[in-house]
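# how would this look folded up:
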Amino acid sequence: MKRNIFKKFIVITTTICLTVSLFTGCSNKKDDTKDVAGKNSVSESKSKDPWELARTTPYEPYPEEVQYTIGMQVNASVAYPKGSSDNAENNGYTRLYKNKLNIQNKNAFEAVDGDDYNQKVSMAITTGKIPDIMSVDYKTLKELIENDMIEDLTDSYKNCASDLMKKIYASNDNKSLKMATFDKKLYAIPVTSISAGQEMLWLRGDWMDKLNLKEPKTIEDIEHILQEFVTKDPGNNGAGKTIGLALNPDIYYGGYAQAYQANNIFTYFGACPKQWIEKDNKAVYGSVQPEMKQGLQVLSDWYKKGLIDPQVAIRKYDDITALVSSGQCGALFCGWWAPYALESSYTLNNNVDWRAYIVPAGSDGKVTMFAGNPNQMYKVVRKGYKHPEVLVKAVNISLDYNQGTSSYTDTSDIAKEYLDYVNHAYGVDPIGGFDYYNAASLAYEHISEAIDGKRDPKDMIMYENTLYQSCKKYLDAVKKGKKADSTDWLNYNARMVSSKLMHDTPVNIIQPVFFDQTPSMPLMWSTLEKMEKETMLKILTNEKSVDYFDTFVDKWMKAGGEQITKEVNDALK
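Numbering: from 1, shown residues only. Model prediction:
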């Protein structure tokens, strides 16, 4: 996931894959990245053949240019610096790879990320002419392995993976690597997903102060606050115009800790909607488990009492955001990054005070959350390609300049140009890297240490340094009694307030057990999802009673759910 994505946050409602990767901000200390920017102790050995040396070490360049074909994922807004003649094969990214490793990409195909790209990949597989390197989803990865179309990267990773790459994978207990390993062989370099952290309840703290309301801890506390907001109108919106909880009509479909959902209401009762989890020694689909009924009962009661947006069934994301920005709404669930979506409310009213709470907690004092897919996608190498280690070595370079400290230690013009590309979102990195699982939490640690004078700002990645400078500007403005810039407000609240809460609050984590696709899913899953969405919304809005959930489960099973559940368990065996 590229750092520049977070300069203007876009809520990702798909799995993260949310997507590109959305939650960044981490780095290593300098002594953790001793091998960055082309240095490796093994490379000091001059007795080795230069080709063998390049093949078996992380940073040694090839003695002659090595070309690789690639399936390029691009976006519709791709652009290069004005006045340049750069293209997908000659730009700030490719010139860095050429400079450091002596490698050069040749594009086998270019396609917009998503359906267009997937179609190009499918066509390449069908014709048997896949590029040397490309990114695929998990289903396609397995298909390529079964048809013996991609290289075993076990030795390439063992010989060439940098310490930084290994450390990033270790941040999630190497779950990413395990998902790319079959029969003890590593077949891909996974692109990691970043943890969204705990889902938080965001409340208008200025309204709470006005009404002398205490911080919430329980579901009953949340209900009381929503009731006070709606009936006493602390925002002076007018009778009947204040909305308590903003909620997306999908309720929980975007993934854990996404905006305007209510996952924590379900996990409080032990339910994990949309997840395949282990129960009684077998895999079950969380959305059809009886624990769901308790969460649905709470939400349907709140809706009946007018505590949830009465027009929830027809709201689009932008409509909900407009309600929040205009000051008509007092509560929403979201992750640590909510200030990116709340910036407009601060712009309109600099007295707004959004406060985050990780609630409701269970009897052990902890909120229960479920983890997401460890990986967004998988980078693979064509079977028979002469230099499969090129992929690993190139990813090393990307990681060093994005998640390491090479952005400071390498002051060359080529490095500066590369970072200019990253910062301005120019072009498309043909290889690209990934980030720590706990990236947002690490960013908080580093930025707070820098603010406290315990860390040299140059001892963190450039993007973190940018955030640090923004947070300092916010604190300086507050100290002088001035209105802080909205960007500084959101960076401080996201990186120093909610990220601190996420970092400091213990949590129970449920690990889903299945992220794959079974044989019947392509035929049945869209129908089952439609049935689930419609049923949950009808129960929420009291069009159907909570007891109708049992009828839904029966229909879901008969419509293919039972067959798919069997296939999931067979696959796990």
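
# CA only for contacts and neighbour counts going forward, please
OK.

# what pLDDT is listed against residue 31?
pLDDT, the model's per-residue confidence, is 37 for residue 31.

# make that residue 74, sorry
For residue 74, the model assigns a pLDDT of 91.

# who are the contact partners of residue 498?
Contacts for residue 498 (CA atoms under 8 Å, 6 or more residues apart in numbering) come out as 336, 337, 356.

# and it, how far from residue 141?
Between residue 498 and residue 141 the computed distance is 37 Å (CA to CA, to the nearest Å).

# and the worst-scoring helix or strand of the chain on mean pLDDT, what's buried?
Using mean pLDDT, DSSP states H and E, helix 406-409 stands out as the lowest-scoring helix or strand of the chain, at a mean of 85. By neighbour count on 16 or more other CA atoms under 10 Å, the buried set for helix 406-409 is 406, 407, 408.

# for these, which one is nearest residue 165?
Using CA to CA, residue 406 is the member of those that sits closest to residue 165, with 13.9 Å.

# roughly how far apart are the residue lying closest to the closest one once chain neighbours are set aside and residue 418?
Distances taken as CA to CA, 6 or more residues apart in numbering place residue 400 nearest to residue 406, at 5.6 Å, with adjacent residues excluded. Distance, residue 400 to residue 418, using CA to CA: 12 Å.

# hey, what's in contact with both of those two?
Shared between the contact lists of residue 400 and residue 418 (criterion: CA under 8 Å, 6+ apart) there are no residues.

# which element follows the lengthiest helix in the chain toward the C-terminus?
As far as residue count goes, and with DSSP state H defining each element, the longest helix of the chain is helix 521-540. Toward the C-terminal end, the helix or strand that comes next after helix 521-540 (DSSP states H and E) is helix 548-556.

# what angle sits between the helix or strand following that following helix and helix 521-540?
Using DSSP H and E, the next helix or strand after helix 548-556 towards the C-terminus is helix 562-572. For helix 562-572 and helix 521-540, the angle between their directions (axes from the mean of the first three to the mean of the last three CA atoms, to 10 degrees) works out to 120 degrees.

# domain assignment for this structure?
In the assignment given by automatic domain parsing, the structural domains of the chain cover 26-194+376-424, 200-370+511-572, 439-499.

# tell me which of these lies nearest to residue 432.
Of all the domains of the chain, it is domain 26-194+376-424 that lies closest to residue 432, at 5.6 Å by CA to CA.

# returning to that earlier point: show me which positions of the following helix or strand past the least confident helix or strand of the chain end up buried.
If you walk from helix 406-409 toward the C-terminus, the next helix or strand you reach (DSSP H and E) is helix 413-424. By neighbour count with 16+ other CA under 10 Å, helix 413-424 contains the buried residues 414, 415, 416, 417, 418, 419, 421, 422, 423.

# for stretch 302-318, same thing?
Within stretch 302-318, the residues scored as buried using 16+ other CA under 10 Å are 302, 303, 306, 307, 308, 309, 310, 312, 313, 315.

# tell me the bridge partners for the fifth one.
According to DSSP bridges, residue 245 are recorded as the beta-bridge partners of residue 308.

# show me what contacts it?
Residues near residue 308 by CA under 8 Å, 6+ apart: 243, 244, 245, 246, 247, 302.

# distance between the ends of stretch 119-136?
With CA to CA, one end of stretch 119-136 sits 11 Å from the other.

# starting at the chain centroid, how far to that stretch?
26 Å (CA atoms, centre = their mean, to the nearest Å).

# what sits up against that stretch?
The set of residues that contact stretch 119-136 without belonging to it, under CA under 8 Å, 6+ apart, is 68-72, 108-109, 111, 118, 377-382, 385, 391.

# what of stretch 506-526?
When contacts are taken as CA under 8 Å, 6+ apart, the neighbours of stretch 506-526 outside the stretch itself are 138-139, 198, 275-278, 283, 366-373, 559-560, 563-564, 567-568, 571-572.

# could you do stretch 423-430 as well?
Everything outside stretch 423-430 that qualifies as a contact, by CA under 8 Å, 6+ apart, is 3-4, 70, 72-74, 78-81, 87-88, 91, 93-94, 105, 421.

# now, which of these lie within strands?
Counting by DSSP state E, the members of these that fall within strands are 70, 72, 73, 74, 105.

# what is the nearest of these to residue 230?
The closest of the ones in strands among the contacts of stretch 423-430, once distances to residue 230 are taken by CA to CA, is residue 74, at 45.6 Å.

# so who does that closest one touch?
Contact partners of residue 74, counting by CA under 8 Å, 6+ apart, are 110, 111, 112, 113, 428.

# let's see that with 10 Å instead.
With contacts taken as CA atoms under 10 Å, 6 or more residues apart in numbering, residue 74 has the following neighbours: 88, 110, 111, 112, 113, 114, 116, 117, 427, 428, 429, 430.

# can you give me the neighbour number for the fourth one?
Under the neighbour criterion other CA atoms under 10 Å, residue 112 is assigned a count of 16.

# any low-confidence regions in the stretch 251-400 of the chain?
When the per-residue scores of the stretch 251-400 of the chain are filtered using pLDDT under 70, no range remains.

# which stretches of it form helices?
263-267, 292-304, 317-325, 338-348, 389-402 (DSSP state H, counting those that start in this stretch).

# of all these, which lies closest to residue 100?
Each of the helices of the stretch 251-400 of the chain was scored for nearness to residue 100 using CA to CA, and the closest is helix 389-402 (7.9 Å).

# show me what counts as buried in the closest one.
Taking 16+ other CA under 10 Å as the basis for neighbour counts, the residues of helix 389-402 that come out buried are 389-402.

# also stretch 212-225?
Buried-residue list, stretch 212-225, by 16+ other CA under 10 Å: 216, 221, 222, 223, 225.

# isn't the fourth one right up against residue 360?
No - distance between residue 223 and residue 360: 11.1 Å, which falls outside the contact criterion (CA atoms under 10 Å).

# which residues do these two both contact?
The contact lists of residue 223 and residue 360 share residue 216, where a contact means CA under 10 Å, 6+ apart.

# buried only: go through the contacts of residue 308 for me.
With burial judged by 16+ other CA under 10 Å, the buried subset of the contacts of residue 308 is 243, 244, 245, 246, 247, 302.

# quick one: contacts for the second one?
Counting by CA under 10 Å, 6+ apart, residue 244 touches 203, 223, 225-231, 233, 302-303, 306-310, 328-332.

# residue 399 too?
The neighbourhood of residue 399, defined by CA under 10 Å, 6+ apart, consists of 27, 36, 162, 164, 165, 168, 405, 406, 432, 433, 434, 435.

# returning to that earlier point: export the domains of the chain to JSON lines and tack on distance to residue 505?
Rendered in JSON lines, the data for the domains of the chain read as follows (distance: least, CA to CA, whole Å):
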{"stretch": "domain 26-194+376-424", "distance to residue 505": "18"}
{"stretch": "domain 200-370+511-572", "distance to residue 505": "8"}
{"stretch": "domain 439-499", "distance to residue 505": "10"}
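
# follow-up on the earlier one: name the member of the ones in strands among the contacts of stretch 423-430 that has the highest neighbour count.
Neighbour counts for these peak at residue 72, which has 26 neighbours (criterion: other CA under 10 Å).

# how close does that residue get to residue 503?
Between residue 72 and residue 503 the computed distance is 36 Å (CA to CA).

# mind listing what's buried along the longest helix of the chain?
When burial is assessed from 16+ other CA under 10 Å, helix 521-540 yields the following buried residues: 521, 525, 528, 531, 532, 535, 536, 537, 538, 539, 540.

# do you know the pLDDT at the fifth one?
What the model reports for residue 532 is a pLDDT of 98.

# phi and psi next, for residue 190.
With angles defined as degrees, to the nearest 10, residue 190 shows backbone torsions of phi -70, psi 140.

# can you check the pLDDT for it?
At residue 190 the predicted local distance difference test score is 98.

# not counting sequence-adjacent ones, nearest residue to it?
Among residues not flanking residue 190 along the chain, residue 378 sits closest, at 4.4 Å (CA to CA, 6+ apart).
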